[in-house]
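In: Everything below, folded, please.
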Amino acid sequence: MAKIYSIDGKSAGTVKLPKVFETEYRPDMIQKAVVSIQSKKRQKYGRSPTAGIMTSAEYFGSRHHSYRMTINKGQSRLPREKPGGGGLGGVRRVPQAVGGRAAHPPRGTEWSKKINNKEYIKALESAIAATSNKDLILSRGHITAGSEFPIVVDDKFESLKKTKDVANAMVSLGLEKDIERAASKKVRAGRGKMRGRKYKGKKSALIVVGEDKGIIKGARNIPGIDVVALDKLNVELLAPGANAGRLTVWTKSAIEKLDDQKWTQPAGS
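Out: Next comes the predicted model:
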């Protein structure tokens, strides 16, 4: 059983924890699943298959079977543009021509790493179970005034639409210091400072809701906080950096739906 808290931090009953919280902790599977998700976000390397050949250029045929023959003109018989008014346009679509395709372009590289669906589901269930492990949560650096995990809150939490209300509810749950910890930013080392990612932030609590009734909009400006509906939950959110045990706040409806939830890999997996 887990204790349910109201948005004021007071006791609001208890709820039976689903069987998924009894899943064995498998850091190897969790890491494999997180790497798989992150690899699919990486942009494919290489040129477009149609790069340099998307023109109206055409090979006009042999010298005897085309009225646009190149005989006695000192021009090679290569794919050419069709300029207005007839005649022979500039050479295109061949590597040795100005504006033509690349001669030896980079071969496309597919960075994605696949994972079996059963392995992914096992990793997800293991990451969910890790949210009730106090040792793992504290080892990630989270700070909380409570000692009971997982943290379950009343469904009224899902309807909070203002940042101030969400922040006050998080303070009532004893998570104020963890949010303050995540608010401190660090200047990134290296060239990343020049590429739009000057600062490195920290992860605070993850809020899992059964249904979004305004909470996603209300919590999006709180540093380090992520909010996700239960059907969109994935391993990377539960284990940032492949380290399980993220401080997680569950709503009552999300806990009750866990046993009946049919998990699938994120889109693109």
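In: Quickly list the domain ranges of this structure.
Out: Listed domain ranges for the chain are 2-42+112-260, 45-110 (source: automatic domain parsing).
In: Between those domains, which one is closest to P266.
Out: Nearest to P266 among these is domain 2-42+112-260 (5.2 Å), distances taken as CB to CB. (C-beta placed from N, C-alpha, C; glycine too.)
In: Could you check how far the closest one is from the centre of its chain?
Out: 14 Å (CA atoms, centre = their mean, to the nearest Å).
In: ends of it, how far apart?
Out: Using CA to CA, to the nearest Å, the end-to-end distance of domain 2-42+112-260 comes to 18 Å.
In: my read is H142 is in a helix, agree?
Out: No: read with DSSP: H, G, I helix; E, B strand; the rest coil, H142 is coil and lies in no helix.
In: Quickly compare the domains of the chain and say which is most buried.
Out: Mean neighbour count, computed with mean count of other CB atoms under 10 Å, is highest for domain 2-42+112-260 among those, reaching a mean of 17.
In: returning to that earlier point: hey, least reliable of the domains of the chain by pLDDT?
Out: Among the domains of the chain, domain 45-110 carries the lowest mean pLDDT, at a mean of 79.
In: and that domain, how far apart are its ends?
Out: Terminal residues of domain 45-110 lie 7 Å apart, using CA to CA.
In: can you tell me how far the spatially closest residue to P240 that is not a sequence neighbour sits from K41?
Out: Nearest residue to P240, sequence neighbours excluded (CB to CB, 6 or more residues apart in numbering): K203, at 4.8 Å. When CB to CB, to the nearest Å is the yardstick, K203 and K41 sit 17 Å from each other.
In: swap in K185?
Out: 22 Å.
In: circling back: output the domains of the chain as a markdown table; include the columns distance to P266.
Out: Output for the domains of the chain, formatted as a markdown table (distance: least, CB to CB, whole Å):
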| stretch | distance to P266 |
| --- | --- |
| domain 2-42+112-260 | 5 |
| domain 45-110 | 17 |
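In: what about the helices in the stretch 1-150 of the chain?
Out: Secondary structure of the stretch 1-150 of the chain, counting by DSSP state H, counting those that start in this stretch: helices at 27-39, 117-130, 134-139.
In: End to end on stretch 142-151, go ahead and measure it.
Out: Stretch 142-151 has an end-to-end distance of 13 Å (criterion: CA to CA).
In: L160: what's it in contact with?
Out: Applying CB atoms under 8 Å, 6 or more residues apart in numbering to L160 gives the contacts 7, 166, 169, 214-215, 218-219.
In: How about the secondary structure of V227?
Out: Assigned by three-state DSSP, the conformation of V227 is strand.
In: quick one, phi psi at the nearest residue to D8 once chain neighbours are set aside?
Out: Nearest non-adjacent residue to D8, counting by CB to CB, 6+ apart: S172, 5.4 Å away. Main-chain torsions, S172, degrees, to the nearest 10: phi -60, psi -30.
In: Next, work out how far apart S172 and L160 are.
Out: S172 is 12 Å from L160, by CB to CB.
In: try D231
Out: In terms of CB to CB, D231 sits 20 Å off from L160.
In: Please report the distance of the nearest residue to W263 once chain neighbours are set aside from N72.
Out: Leaving aside its sequence neighbours, W263 sits nearest to I121 (CB to CB, 6+ apart; 4.9 Å). Note on I121: its distance to N72, by CB to CB, is 72 Å.
In: try D226
Out: Counting by CB to CB, the gap from D226 to N72 is 72 Å.
In: What of T248?
Out: In this view, T248 and N72 are 80 Å apart by CB to CB.
In: And the helices of the stretch 1-150 of the chain: which comes nearest D154?
Out: Once the helices of the stretch 1-150 of the chain are compared by CB to CB, helix 117-130 is nearest, at 20.2 Å.
In: If anything else comes up later, I'll come back, but that's it for now.
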